[in-house]
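# Okay, predicted coordinates and the sequence, questions at the end:
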Amino acid sequence: MAHSHSHNHSQHHHDMKGRNLMISILLNIVITAAQVVGGLVSGSLSLLSDALHNFSDVLSLIVSYIASKLSKQKASLNRTFGYKRAEILAAFVNASTLIIVAIILIKEAYERFQEPQEIESNLVIWLSLIAIIGNGFSVLLLKKSSENNINIKSAYLHMLTDMLASVAVLVGGLLMKYYQLYWVDSLLTFLIALYLIYVGYDLLKTSTKMLMLFTPDHIDLKAVVRTVNKLEKVKKLHHVHIWNLSDDELHLEAHLDLQEDISTSEFNTLLITIEALLHDKFNINHITIQPEYKKDDSKDVIVQD
């Protein structure tokens with residue numbers, strides 16, 4: 001099946017992704033430095049925890065940026081898929097760091113809750129406002145690309161959770177300033193950590209499934225088999241594997257048991273039909289099929305190779 005791609009459009013999209021990631025990296029380096037200084041001066045754990053989260057964001061954005069660049073590398077004889085899975089690996093790493101940072105924050109929040117300390121709330125308020133503006137801008141930059149790219153989605157979630165964390169820190173700063181509720185600092189740190197675990201786990205699960213070559217959740221493998229089995233000259237599709245090589249590439253590999261001993265040219269015609277059918281109905285865009293006729297092997301849909 002012929003595949004048509006607009007190279008210029010794809011190149012422009014990649015360039016926009018790289019530019020937006022780089023802007024977000026620079027913004028977060030500035031925000032992190034300001035929050036570390038502010039947290040140490042004010043004594044605010046929630047501000048320092050937000051700085052730690054921001055630092056993890058810087059690392060995650062750098063990982064995403066490198067993965068985005070690598071994914072454009074051409075295939076070679078010893079890297080036949082190139083680095084197309086680099087972005088999935090980046091998403092896995094970024095999701096893992098979200099959860100690790102959350103666990104560290106929970107520990108710190110518990111220790112601080114035992115001994116609440118007076119905090120310079122004015123500094124907390126102003127720095128959290130700066131972080132909200134900076135992270136909010138990063139969220140807007142990455143939002144569109146995050147909708148169809150798991151790597152950018154991982155970076156986007158880091159930015160989004162950091163913006164929400166900064167909102168929580170701002171609320172805490174206001175409560176400390178006007179009501180002297182200094183224990184709120186530890187409570188907000190704990191809540192921020194719980195939210196990080198919530199969003200991190202979902203992304204970790206998705207990226208793990210892709211790395212393990214699991215069948216995508218939106219694909220009904222039996223429905224794929226039934227669709228192909230209805231075609232003329234097809235006896236049974238079996239030994240089926242369906243997986244995401246990357247966000248853009250959904251692959252199918254299978255054996256096709258035929259009703260008749262057809263010629264190669266006839267099989268080519270059948271293959272074109274199958275490719276068009278699976279692309280239009282299931283968005284499967286890379287198909288590898290081994291034709292068989294009266295071959296003595298298992299005809300189960302799923303076979304452990």
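Alright, I've got the coordinates. These numbers come from a predicted model, not from an experiment. Residues are numbered from 1 along each chain as shown.
# In contact with L221: list those residues for me.
L221 makes contact with 215, 240, 242, 301-302 under the criterion Cβ atoms under 8 Å, 6 or more residues apart in numbering. (Glycine included, C-beta is placed from N, CA and C.)
# Sort those by pLDDT and name the bottom one.
Within the set of the contacts of L221, pLDDT is lowest for I302 (88).
# Pretty sure that residue sits in a helix.
No - assigned with DSSP: H, G, I helix; E, B strand; the rest coil, I302 falls outside any helix and is coil.
# Where does the nearest residue in space to it that is not next to it in sequence fall, secondary structure wise?
Among residues not flanking I302 along the chain, V240 sits closest, at 6.5 Å (Cβ to Cβ, 6 or more residues apart in numbering). In the assignment (DSSP states H and E), V240 maps to strand 234-244.
# Listing partners with orientation, what would you give for that strand?
strand 250-258 (antiparallel) (DSSP bridges).
# quick revisit: keeping just the C-alphas, turn the strand holding V240 into PDB.
Provided in PDB are the C-alpha atoms of strand 234-244 (Å, rounded to 0.1, in the frame of the first residue of the first chain):
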ATOM      1  CA  VAL A 234      -8.700 -15.900   2.900                       C
ATOM      2  CA  LYS A 235      -9.000 -18.900   5.200                       C
ATOM      3  CA  LYS A 236      -7.600 -17.500   8.400                       C
ATOM      4  CA  LEU A 237      -5.300 -14.800   9.700                       C
ATOM      5  CA  HIS A 238      -3.200 -16.100  12.600                       C
ATOM      6  CA  HIS A 239       0.100 -15.600  14.500                       C
ATOM      7  CA  VAL A 240      -1.000 -12.000  14.800                       C
ATOM      8  CA  HIS A 241       1.000  -9.200  16.500                       C
ATOM      9  CA  ILE A 242      -0.100  -5.600  16.600                       C
ATOM     10  CA  TRP A 243       2.000  -2.900  18.300                       C
ATOM     11  CA  ASN A 244       3.000   0.700  18.200                       C
END
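# ok, and for it, which residues are buried?
Within strand 234-244, the residues that count as buried by 16 or more other Cβ atoms under 10 Å are 234, 236-240, 242-244.
# residues of the lengthiest helix in the chain that come out buried?
Assignment by DSSP state H gives helix 7-42 as the longest helix of the chain. For helix 7-42, a neighbour-count test (16+ other Cβ under 10 Å) marks 17, 20-21, 24-25, 27-29, 31-32, 34-36, 38-39, 42 as buried.
# which SS state does T288 fall under?
strand.
# quick one: contacts for it?
Residues in contact with T288, defined by Cβ under 8 Å, 6+ apart, are 251-254.
# Let's see that with 6 Å instead.
Shown in contact with T288 (Cβ atoms under 6 Å, 6 or more residues apart in numbering): E253.
# Am I right that L123 is in contact with S42?
Yes - contact between L123 and S42 holds when scored by Cβ atoms under 6 Å: they sit 4.3 Å apart.
# mind checking how far S298 is from E120?
Going from S298 to E120 by Cβ to Cβ, to the nearest Å gives 70 Å.
# what does K143 give?
From K143 to E120 the distance is 34 Å (Cβ to Cβ).
# just T215 next, same as before
From T215 across to E120, the span is 54 Å (Cβ to Cβ).
# L142 too?
L142 is 32 Å from E120, by Cβ to Cβ.
# tell me which helix or strand of the chain sits lowest on mean pLDDT?
When the helices and strands of the chain are scored by mean pLDDT, DSSP states H and E, helix 7-42 comes last with a mean of 75.
# which residues are contacting stretch 155-170?
Contacts for stretch 155-170 (Cβ under 6 Å, 6+ apart): 46-47, 50, 53-54, 57, 60-61, 64, 128, 131-132, 135-136, 138-139, 142, 146, 188, 192, 196, 199.
# again, only this time at 8 Å
Applying Cβ under 8 Å, 6+ apart, the contact partners of stretch 155-170 are 21, 24, 28, 44, 46-47, 49-50, 53-54, 56-57, 60-61, 64, 94, 98, 124-125, 128-129, 131-132, 135-136, 138-139, 142-143, 145-146, 188, 191-192, 195-196, 199-200, 203.
# I'd like to know which of the residues you listed are buried.
Among those, the ones that count as buried by 16+ other Cβ under 10 Å are 21, 24, 28, 44, 46-47, 49-50, 53-54, 56-57, 60-61, 64, 94, 98, 124-125, 128, 131-132, 135-136, 138-139, 142, 145-146, 188, 191-192, 195-196, 199-200, 203.
# Out of these, list just those in strands.
In strands, judged by DSSP state E, none of the buried ones among the contacts of stretch 155-170 are found.
# Identify the residues contacting T97.
56, 59-60.
# mind checking pLDDT for it?
The model reports T97 with a pLDDT of 84.
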